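*Asks:* Sharing a model that was predicted from the sequence below.
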Amino acid sequence: MDLGIVNGLGPELTWKRFTPGQPLIRSFSFVGGETQLQLGSASVVAHYFHDKQVGNVKYQGYVQFDSSSTFGSGDNLWGVLLPKPALRVLGGADMPVGNGWAWQGSAGNRNVPLRCTLMDPEFGGGGAQTNEDYYIQFFTPYCLATGTSAMTSGVSTITVTHGLGMTPVNYDINVILTNTASTAPGEVYVDNITATTFDWHVRSTATTTPQQMAWKIRSEPNGTTTLDLLVNSARPMGAWASGWLLGWNVEYQARR
Amino acid sequence: MSNRGVDAGVTPEVWHRYKPQMKNTNGGDPTLDDAGSTQYQTAQYLLKPDGRVQVVFQTEFIGTFGAAGSGTGNWAFTLPVPAHRPSGPNTSCPMPIGTGQCYISFTGQPNVNCDVVPTIADPSSALDDPDHWFQAYAPYVLDWGTFALATNTHNNSNSHNVNWAFNPEDIEVLMPGASVSQAWWPVNVNSINASSLTVSTANSASGTGGPTNLNYKIRAEPPSGAGGALVGPNVPWNWNHWVNVTTGPFGNFFFHLEYRARR
C-alpha cells in the first residue's frame, strides 16, 4: 500500500479544483428565449491541469443532479464551462477534444457515451455569438426512450407520449407485443410521429383481451434545425431528472 | 523502417510496463492469459512529474471465455499508481478518466465490441484500496441467438443469456429464419425472467411442419441497482456463455486513461 507520495512526483501545484464563480453548465438556444438550467445543490466535481509549457488543459469532471436541480427548457444544447478559454482551430469547432457520458445513476443505470467538442460558435446565451471558446458541448450517438402501451376494448389506435426530446422516424421505433390478444391483431404499425407522440395501430380490435406492447426508441439524431445530436434538457435519455449525471474528460489547447 | 531511432528532441524512454490484473468485486476472479509469450496481456504507463498518469491497457482471458469467472460483482482493473479521487476518499467517483472497449474476438462470430466508460473504482470490500483500481460502465448488454417454437405449439419457454429480467422492448429483432408452414399471428414475448422467456403466438406457428426458429437480438438497457451497468461477467455480454469461442488472440479489454495521481 503506497498511501504516501509516489516516487518521482513533484509538489502538488498544478492540478486545481474548478469552482467557477458562474454557472458550470448553461443552456443555449439557437433563437434565444431559453430557460436556464439550475444546478441547485447538485454534486459537482471538477478539476483541471493547465500545462503552461505547451498550453494544454486537461479537464475532468461531472455533475450529478439532485432534487433541487431544474433543467431548463427551450434550449438546443448544454455547454459546460471550461477552466481556460480554448484556442479554436480554424474550421474546427466540432473537432473532438475528449469524451463524456450521460448516466441515470445507479437507480436507473441507463447511460450513453458521448463525444465532446468545443461549442459551436453560432451559439451564445440568448442567441448572440459571445463566449463559445469557454464551453464544450456533447454529441450523442442516439436518443433513448422506452415504455409500454395497451389497447383498450374495441380500440385500434393509441397515442403514446414518447418524451424523446426529438422527433424520431418510423424505423427508430421498436415494438414488441407482450400478450396474446383475444382477436388476431393483423398488422401492427406506427405513424403520426411528432416531437412528443406517436400512434400505434392494430388492424383488428379485440374486446376480451386487447393487444399490449412494449416499445423502445433508440433514435438516430435527425433534426435539421433543432440540433438533435447535441445534449440538452431532454437528450439523450428524455427529460433529465434527479440522480442523473453528466461527466466529461477532455484535453484541449488553451487560448493565449 | 526509416525512423527507428530517437526523434530529435524526444527525451529518453520514460514509459514503464506493468502487469494488468482484473478482480471480481463479488465473485470468482477471471483467469487472464499470463503466458509470457503473449503481447496481448500488457499495460504501460507514463508518470509525469506534475502528477498526471497516462495508461494504455490491454488484457485477455486465457483459453476460452469459460475463464471469465463468476459471481454478482463487477470487474475492477489495476492502475499502475493510485489515483487521486476528487470526489473525496472512499466515495464513488463517476468521472470518466479515459476511453475503453470490450471486445470478444477477431476469430469468433460476431466480432462484437462495445465502447465503455472507465472511472476510478467504487469502494468495495474486495478492493484493499480502490484508488489502485478502475472500472468501466457499459451502455447496454447484448445477447443474440435463436428462440424456438416447437412443432404444433402455441408457446415455448426459451433460455437467454442476459442474466436478469430485461424488458421486452430490449428485443430488437425477433424474426423467423425461414418460411413458416402456416399463417400465424404476430409473435409476442412474455414471462421474462433472469434466465428464460416465453415466446407465444395464438395459433400453432409451425403446424406439424416442424419447429419454427426465431432469430433474435437483445440490446438490453442495464438493470437498476449499484453496479448494474459495470463491466463484469455478464456485462456487456455474458462472457462465459461464449465457451466455444476461442479468445483473442487480440485481447478482450482495451483502455486508454489519463488521471491524476494520488500524493
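*Replies:* Yep, that arrived.
*Asks:* So what would you say the end-to-end distance of stretch A:222-231 is?
*Replies:* 13 Å (CA to CA, to the nearest Å).
*Asks:* do the same with stretch A:209-227
*Replies:* Note: stretch A:209-227 ends 42 Å apart using CA to CA.
*Asks:* same thing with stretch B:238-252?
*Replies:* By CA to CA, one end of stretch B:238-252 lies 13 Å from the other end.
*Asks:* Where does pLDDT dip in the stretch 101-250 of chain A?
*Replies:* A:121-130 (pLDDT under 70).
*Asks:* residues in it within reach of chain B, list them.
*Replies:* Within the stretch 101-250 of chain A, the residues that sit near chain B (CB under 8 Å from any CB of the partner chain) are A:101, A:103, A:106-113, A:144, A:146-148, A:174-181, A:184-185, A:188, A:214-216, A:218, A:245, A:247-249. (Each C-beta comes from the backbone N, C-alpha and C, glycine too.)
*Asks:* Only the buried residues of stretch B:154-171, if you could.
*Replies:* Buried residues in stretch B:154-171, defined by neighbour count with 16 or more other CB atoms under 10 Å in any protein chain shown: B:154-156, B:158, B:160-164, B:166-171.
*Asks:* near chain A too, which of those residues?
*Replies:* B:His154, B:Asn167, B:Pro168, B:Glu169, B:Asp170, B:Ile171.
*Asks:* mind listing what the residue nearest to the third one when sequence neighbours are not counted touches?
*Replies:* In this case it means B:Pro168. Distances taken as CB to CB, 6 or more residues apart in numbering or on different chains place A:Ala214 nearest to B:Pro168, at 4.2 Å, with adjacent residues excluded. By CB atoms under 8 Å, 6 or more residues apart in numbering or on different chains, the contact set of A:Ala214 is A:Thr146, A:Gly147, A:Thr148, A:Ser149, A:Val175, A:Ile176, A:Thr178, B:Asn167, B:Pro168, B:Glu169.
*Asks:* What's the PyMOL syntax to select whichever of those are buried?
*Replies:* Those of these that count as buried under 16+ other CB under 10 Å are selected in PyMOL with:
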select buried, (chain A and resi 146+147+149+175+176+178) or (chain B and resi 167+168+169)
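*Asks:* Can I get the contacts of A:Ala214 in JSON lines including secondary structure and distance to B:Trp144?
*Replies:* JSON lines is the format used below for these (DSSP: H, G, I helix; E, B strand; the rest coil; distance: CB to CB, whole Å):
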{"residue": "A:Thr146", "secondary structure": "strand", "distance to B:Trp144": "20"}
{"residue": "A:Gly147", "secondary structure": "strand", "distance to B:Trp144": "24"}
{"residue": "A:Thr148", "secondary structure": "strand", "distance to B:Trp144": "23"}
{"residue": "A:Ser149", "secondary structure": "strand", "distance to B:Trp144": "26"}
{"residue": "A:Val175", "secondary structure": "strand", "distance to B:Trp144": "19"}
{"residue": "A:Ile176", "secondary structure": "strand", "distance to B:Trp144": "15"}
{"residue": "A:Thr178", "secondary structure": "coil", "distance to B:Trp144": "20"}
{"residue": "B:Asn167", "secondary structure": "coil", "distance to B:Trp144": "17"}
{"residue": "B:Pro168", "secondary structure": "helix", "distance to B:Trp144": "16"}
{"residue": "B:Glu169", "secondary structure": "helix", "distance to B:Trp144": "16"}
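*Asks:* tell me which of the contacts of A:Ala214 is nearest to B:Val231?
*Replies:* B:Asn167 (20.8 Å; CB to CB).
*Asks:* want to throw the contacts of A:Ala214 into JSON lines with distance to A:Asp133?
*Replies:* Listed next are these as JSON lines, based on distance: CB to CB, whole Å:
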{"residue": "A:Thr146", "distance to A:Asp133": "38"}
{"residue": "A:Gly147", "distance to A:Asp133": "40"}
{"residue": "A:Thr148", "distance to A:Asp133": "45"}
{"residue": "A:Ser149", "distance to A:Asp133": "46"}
{"residue": "A:Val175", "distance to A:Asp133": "45"}
{"residue": "A:Ile176", "distance to A:Asp133": "46"}
{"residue": "A:Thr178", "distance to A:Asp133": "50"}
{"residue": "B:Asn167", "distance to A:Asp133": "43"}
{"residue": "B:Pro168", "distance to A:Asp133": "47"}
{"residue": "B:Glu169", "distance to A:Asp133": "42"}
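*Asks:* which among the contacts of A:Ala214 gets closest to B:Thr25?
*Replies:* Once CB to CB is applied, the member of the contacts of A:Ala214 that ends up nearest B:Thr25 is B:Asn167, at 25.6 Å.
*Asks:* Which helix or which strand is home to the nearest residue to that closest one once chain neighbours are set aside?
*Replies:* Nearest non-adjacent residue to B:Asn167, counting by CB to CB, 6+ apart: A:Ala214, 6.1 Å away. Secondary structure from DSSP states H and E places A:Ala214 in strand A:212-219.
*Asks:* can I get the CA coordinates of that strand in CSV?
*Replies:* The C-alpha coordinates for strand A:212-219 follow below in CSV (Å, rounded to 0.1, in the frame of the first residue of the first chain):
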residue,chain,number,x,y,z
GLN,A,212,-50.4,-4.9,-25.3
MET,A,213,-46.9,-3.9,-26.4
ALA,A,214,-43.6,-2.6,-25.2
TRP,A,215,-41.7,0.0,-27.2
LYS,A,216,-38.2,1.4,-27.4
ILE,A,217,-36.8,4.2,-29.4
ARG,A,218,-33.1,4.3,-30.0
SER,A,219,-33.3,7.2,-32.4
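*Asks:* show me where pLDDT drops low in the stretch 101-250 of chain B?
*Replies:* Short version for the stretch 101-250 of chain B, where the test is pLDDT under 70: B:106-109, B:181-184, B:203-211, B:242-250.
*Asks:* That one against chain A: which residues are in contact?
*Replies:* So the stretch 101-250 of chain B meets chain A at B:115-117, B:119, B:128-129, B:137, B:139, B:154, B:167-172, B:174, B:185-190, B:200-202, B:219, B:221-229 (CB under 8 Å from any CB).
*Asks:* Which of those residues are buried, as a ChimeraX select command?
*Replies:* In ChimeraX syntax, the buried subset of those is picked out as below (16+ other CB under 10 Å):
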select /B:115,116,117,119,137,139,154,167,168,169,170,171,172,174,185,186,187,188,189,190,200,201,202,219,221,222,223,227,228,229
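*Asks:* Now for A:Asp75, how many residues are close by?
*Replies:* 26 (other CB atoms under 10 Å in any protein chain shown).
*Asks:* Tell me the bridge partners for the nearest residue to it once chain neighbours are set aside.
*Replies:* For A:Asp75, ignoring the flanking residues on the chain, the nearest one in space by CB to CB, 6+ apart is A:Ser27 at 3.8 Å. Assessed by DSSP bridges, A:Ser27 has beta-bridge partners A:Trp78.
*Asks:* Tally up the residues packed near A:Ser27, please.
*Replies:* 22.
*Asks:* Same question for B:Gly71.
*Replies:* 16.
*Asks:* contacting residues around it?
*Replies:* By CB under 8 Å, 6+ apart, the contact list for B:Gly71 reads B:Asn24, B:Asn26, B:Gly27, B:Gly28, B:Pro233.
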